[in-house]
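Student: Predicted model, plus sequence, below.
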Amino acid sequence: RSTYSRGLSFVKTFAVRVCNLAESPTAPDTIECFVDEDRTIGDTVKSRTLGGSIECEVPAVSTDGSNLRYFISSDSSITGNYLDAFRIQDCSGLLLVNNPLDYETFNRYTFVVGVESSSGGVTYVNVIVNVVNVNEPPTLTATTAYFVDENSAKGTLVIPTLLSNVADPDNPSSFTVSID
């Protein structure tokens, strides 16, 4: 209805069509998770909130009731999902260990997870995964047989040969060796 200044009016009926647009899911900008370096492939990444027992998943909500699909964005830099260390369950957003982790080599990953609704809307979440150092035992990398001549003087050093074959990834310059 349209009314003119002199009180006259005009009525016209017409249809308005409302189109359903693709709505992006809602999600936080960033989430942070932690995982021990000794986790095996397929283990879930945990959140340290509430004592480390909560699985780390990307929290997203569909605003239009459509299904969500999660994916790790392929445009991450070297500090991203380096060597494909992690994967994500595409229907739940649960983060999983995908390749062996090593704190001493790489201990913080920052990558982007996309969340796409079946209606076509997409939201991106920054994910930070901190790898927690676990004390690994030293390893003996060479033969376990060491020889000393039978007539060697008391105090002859056997240890220098042994020491050159011991590795401790957590503290490469300080360890103790004993012969029992």
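Tutor: Thanks, I have it. Numbers count the residues shown, from 1 in each chain.

Student: tell me the centre residue of this structure?
Tutor: Centroid-nearest residue in the chain, with CA atoms, centre = their mean: residue 129, separated by 4.3 Å.

Student: Tell me, what's the model's pLDDT at that one?
Tutor: For residue 129, the model assigns a pLDDT of 92.

Student: Please apply the same query to residue 156.
Tutor: At residue 156, the predicted lDDT confidence score is 73.

Student: Give me the three-state assignment for the residue lying closest to it once chain neighbours are set aside.
Tutor: Excluding the flanking residues, the one nearest residue 156 by CB to CB, 6 or more residues apart in numbering is residue 148, at 5.9 Å. In this view, the C-beta of every residue, glycine as well, is placed from N, C-alpha and C. The assignment at residue 148 comes out as coil when based on DSSP: H, G, I helix; E, B strand; the rest coil.

Student: Neighbours of residue 148, how many?
Tutor: 10 (other CB atoms under 10 Å).

Student: ok, it touching residue 154?
Tutor: No. Between residue 148 and residue 154 there is no contact under CB atoms under 8 Å: 11.1 Å.

Student: would the residue nearest to the centre of the chain count as being in a strand?
Tutor: Yes. Judged by three-state DSSP, residue 129 forms part of a strand.
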